[in-house]
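**Student:** Okay, here's the prediction I keep looking at, along with the sequence it came from:
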Amino acid sequence: MIAKLFEKLSSENRAALVTFISCGDPSISFTKKLVKAVCESGADIVELGVPFSDPMADGAVIQASSQRALASGTTILSVIEMAGELRKDGIDKPFVLFSYFNPIFKIGVEKIAAKCKENGIDALLVVDAPMEESREITSVTEKFGVDFIPLAAPTSPLDRIEKISQSGSGFLYYVTVAGVTGARDSLPEHFARRLADVRKASSLPVAAGFGISNPQMARLAAESADAVVVGSRLVYMAHETLIKDGESAALNGVSNFVKSLYSQMLR
Amino acid sequence: MNIYGLNSNGKFGEFGGQYVAETLMPALLELEKVFYESIEDDSFQSQYRAILRDYVGRPSPLYYARRLSEYCGGAQIWLKREDLNHTGAHKINNTVGQALLARKMGKKRLIAETGAGMHGVATATVAALFGMTCDVYMGAEDIRRQAQNVERMKMLGANLIGVELKSGTATLKDAMNEALRNWVATVENTFYVIGTAAGPHPYPAMVKAFQSVIGEEAKSQLKAACGRLPSQVVACVGGGSNAIGMFAPFIDEPSVALYGAEAAGDGIDTGRHAASLSGGSVGVLHGNKTYLLQDEYGQISDTHSVSAGLDYPGVGPEHSYMKSTGRANYIPIDDAQAVDAFQKLCRLEGIIPALESSHAVALAMVNAKKLSKDDIIVVCLSGRGDKDMDSVLEYLKKNA
């Protein structure tokens, strides 16, 4: 499903818009509405973030969001079940389950892969499973026809990126900055040149993520990458608006923001 | 065949590994290469050994604790006096080694996590010695209960970064999270000095290599004094760095029983403890697969121990491996037993041990009673207890 999406977008000369949602912040019922809102506003792929008690790769916004999600009783299983409910409600955009490895490992890779398949989740992305460790996951996800999204970083040499891309399927998630997640004001230096090299090395379409926080940055990223990921900024906006102005304002605000990003995806 | 006990995947059985963000992988691969080259290299070894001798004050004594042994009745208890090292604990053995690697790799900045503060002090010390900058991450709860070490780190020129949590008490685990977050952003110029025998490969193997001096010395010192091997070797296990260093040369000596004392806090049954091997299950945290304290959905649990250095929900992967093979025994020791052993060692031997090490002393006291006078137990007295005065007084007041 993800491969087909990239074929289609490439023929339209458009980059995919990927939105990260921190599931269960502050409740699964709100998250369901949020996923529907981003899908209706132009998101091409939705990353469903599973909260973890020790999010070592995340900045302050997603750390705080994960804590709220855990406080509301969110688990990896409740996130997967939510995806199934969204499928029943007719939401048909690709879903990527975005998690640290421990929640997956604790339940069991086999069981998680089976549940993903059953509930319409298209791919798994595991933040702390680099190429050296991902085989214990991909050997299972392959059986279930679930994509495994590998990650590459600014520190990854190009020959390694080539191998990384071959270790997964769907797309390659390129982390644009060495650091944790969180909104930044501009793209890193030499972004376009690096992305061109990464795309050349990768056998998969390349999504650029980490730090992209506004339509201007999204536009620049869309010129160089096959997909653009926006995360922390959305999480922050949803939370802040929700506590200040309530649910419908939060959903509206996020919708408008996603629309403004979507309009920048056409090259 | 290799001397680190690792299989070809860089794991101890199923335990260990490199479960980290991709950003860190190239640095870990480089570190692995430099570490393997250096540890086999004579000039690196002679630099390392010279600093241990002239600066740290090694070898540390192996001391027969006669009055403690008589009090227990049973086996002879011998103490490996890591508390007499410069900076007051075994931690410096490892920070010297890692700082030498950092210098070799051209890194000018060291970062470290610390629980009790001993590893933070030891890292700040080598940073001063080698003219490097140093940032130490420490949980807010530990800053409170280990105030003396906080001042020592600052005095040594390190920058102390307190880690706060919105919910729960910030301890060693949270300090490690924050150090990893910083490392991801600074990996080009920064060397992360991990103090415990956990973390991603090659850290567990590296910490073992630099701490095995403890066991090697103890083994030859006991041979010289008594002409034989001990019946048991005992050490405390938080992440397990002093224990793995103490166990290392005895792992292939089947006649020597290996005992790790885990922090049982208020007791395993209460749920308020930090005994990952006795009360946990296998999971993945801080770059390695190992026993963890976690819930059924893989969320890491809060831990509790009177000792900040053992207050950690994971454990080094080789300990998990030795639990699974049965090579080593891991026994929970609760706060009350540890504080009692702390007081006994003070009164019977004139030695004020760290609360961490007091767990090992407590376990040795339990085991000694079951053995005969011909048996020898060697205990790793991993650190001194000056830092723990407030914690002990607080505990005694609360439990009077």
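**Tutor:** That came in fine, so what should we check first? Only a predicted model underlies this, so the values are computations on that prediction, with no experimental measurement involved. Residues are numbered from 1 along each chain as shown, chains lettered A, B, ... in the order given.

**Student:** wait, isn't residue B:122 in contact with residue B:95?
**Tutor:** Yes: assessed by CB atoms under 8 Å, residue B:122 is found in contact with residue B:95 at 4.3 Å. In this view, the C-beta of every residue, glycine as well, is placed from N, C-alpha and C.

**Student:** between the two, what contacts are shared?
**Tutor:** residue B:195 (CB atoms under 8 Å, 6 or more residues apart in numbering or on different chains).

**Student:** Among the two, which residue is more densely surrounded?
**Tutor:** For residue B:122 versus residue B:95, the count of surrounding residues by other CB atoms under 10 Å in any protein chain shown is larger for residue B:122: 32 against 28.

**Student:** pLDDT value on the more buried one, please?
**Tutor:** Looking at residue B:122, its pLDDT is 98.

**Student:** Secondary structure element holding the spatially closest residue to residue B:248 that is not a sequence neighbour?
**Tutor:** Counting by CB to CB, 6 or more residues apart in numbering or on different chains, residue B:248 lies nearest to residue B:212, which is 3.7 Å off, once chain neighbours are set aside. Using DSSP states H and E, residue B:212 sits within helix B:203-226.

**Student:** coming back round to it: count residues in the vicinity of the residue nearest to residue B:248, would you?
**Tutor:** 20.

**Student:** doesn't residue B:245 make contact with it?
**Tutor:** Yes: using CB under 8 Å, residue B:212 is in contact with residue B:245, at 5.1 Å.

**Student:** re earlier: and the helix holding residue B:212, which residues are buried?
**Tutor:** For helix B:203-226, the neighbour count (16 or more other CB atoms under 10 Å in any protein chain shown) marks B:203-219, B:221-222 as buried.

**Student:** May I ask which helix or strand encompasses the closest residue to chain B within chain A?
**Tutor:** At 3.2 Å from chain B, residue A:106 is the closest residue in chain A, using CB to the nearest CB. Element membership for residue A:106, per DSSP H and E: helix A:101-107.

**Student:** any idea of the mean pLDDT in the next helix or strand after that helix?
**Tutor:** Using DSSP H and E, the helix or strand that follows helix A:101-107 in sequence is helix A:109-118. For helix A:109-118, the mean per-residue pLDDT is 98.

**Student:** How about stretch B:243-258?
**Tutor:** 98.

**Student:** start to end distance for stretch B:253-272?
**Tutor:** 35 Å (CA to CA, to the nearest Å).

**Student:** buried ones in it?
**Tutor:** B:256-265, B:272.

**Student:** And stretch B:286-299, by the same measure?
**Tutor:** Buried residues in stretch B:286-299, counted by 16+ other CB under 10 Å: B:286-294, B:297-299.

**Student:** residues in contact with the helix or strand hosting residue B:50?
**Tutor:** Element membership for residue B:50 (DSSP H and E) is helix B:42-51. With contacts defined as CB under 8 Å, 6+ apart, helix B:42-51 is touched by B:38-39, B:96-97, B:100, B:104, B:210.

**Student:** Over to stretch B:101-112?
**Tutor:** So stretch B:101-112 is in contact with B:30-31, B:34-35, B:38, B:44, B:95, B:99, B:119-120, B:123, B:126-127, B:130, B:132-137, B:179, B:182-183, B:186, B:189-195, B:206, going by CB under 8 Å, 6+ apart.

**Student:** Tell me which residues are up against the helix holding residue A:106.
**Tutor:** Where contact means CB under 8 Å, 6+ apart, the residues beyond helix A:101-107 that reach it are A:50, A:52, A:75-77, A:112, A:124, A:126-129, A:133, A:137, B:19, B:281-285, B:289, B:292, B:294, B:296-300.

**Student:** Bridged to the residue minimising distance to the centre of chain A, which residues?
**Tutor:** Centroid check for chain A by CA atoms, centre = their mean gives residue A:47 as the closest residue, at 3.4 Å. Per DSSP bridges, the residues bridged to residue A:47 are residue A:20, residue A:96.

**Student:** was I right about it contacting residue A:127?
**Tutor:** No: checked against CB under 8 Å, the pair residue A:47 and residue A:127 is beyond contact range at 10.9 Å.

**Student:** residues shared between the contacts of those two?
**Tutor:** Common neighbours of residue A:47 and residue A:127, counting by CB under 8 Å, 6+ apart, are residue A:98.

**Student:** ok, the buried residues of stretch B:286-299 vs residue A:156, which is closest?
**Tutor:** residue B:287 (17.2 Å; CB to CB).

**Student:** Might one say that the closest one is in contact with residue B:21?
**Tutor:** No: here residue B:287 lies out of contact with residue B:21, judged by CB under 8 Å, at a distance of 9.5 Å.

**Student:** Quickly list what's touching both of those two.
**Tutor:** residue A:128.

**Student:** Select from the contacts of stretch B:101-112 every entry located in strands.
**Tutor:** Counting by DSSP state E, the part of the contacts of stretch B:101-112 found in strands is B:133-137, B:190-192.

**Student:** Provide a ChimeraX selection command restricted to the buried entries of those residues.
**Tutor:** The ChimeraX selection below is limited to those of these classed as buried (16+ other CB under 10 Å):
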select /B:134,135,136,137,190,191,192
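
**Student:** Which ones, among the ones in strands among the contacts of stretch B:101-112, also lie beside chain A?
**Tutor:** Among the ones in strands among the contacts of stretch B:101-112, none lies close to chain A by the criterion of CB under 8 Å from any CB of the partner chain.

**Student:** just the ones in strands among the contacts of stretch B:101-112 now: which is nearest chain A?
**Tutor:** residue B:190 (10.8 Å).

**Student:** Now the closest one: closest residue in space that isn't a chain neighbour?
**Tutor:** residue B:109 (4.6 Å).

**Student:** Count the residues that sit near that neighbour.
**Tutor:** 16.

**Student:** how about it, phi and psi?
**Tutor:** Phi and psi for residue B:109, reported as degrees, to the nearest 10, are phi -120, psi 130.

**Student:** Give the bridge partners for it, please.
**Tutor:** Per DSSP bridges, the residues bridged to residue B:109 are residue B:133, residue B:190.

**Student:** The spatially closest residue to residue A:26 that is not a sequence neighbour sits in which helix or strand?
**Tutor:** Spatial nearest neighbour of residue A:26, excluding adjacent residues (CB to CB, 6+ apart): residue A:68 at 5.2 Å. Following DSSP H and E, one finds residue A:68 within helix A:60-71.

**Student:** now swap in residue B:63 and tell me
**Tutor:** In this structure, residue B:63 sits in strand B:62-64 according to DSSP H and E.

**Student:** Just the buried positions in the following helix or strand past that strand, please.
**Tutor:** Sequence order places helix B:66-72 as the next helix or strand after strand B:62-64, per DSSP H and E. By 16+ other CB under 10 Å, the buried positions in helix B:66-72 come out as B:68-69, B:72.

**Student:** what's the neighbour count on residue B:49?
**Tutor:** Neighbourhood size, residue B:49 [other CB under 10 Å]: 13.

**Student:** cool, and residue B:397?
**Tutor:** Residues near residue B:397, counting by other CB under 10 Å, number 8.
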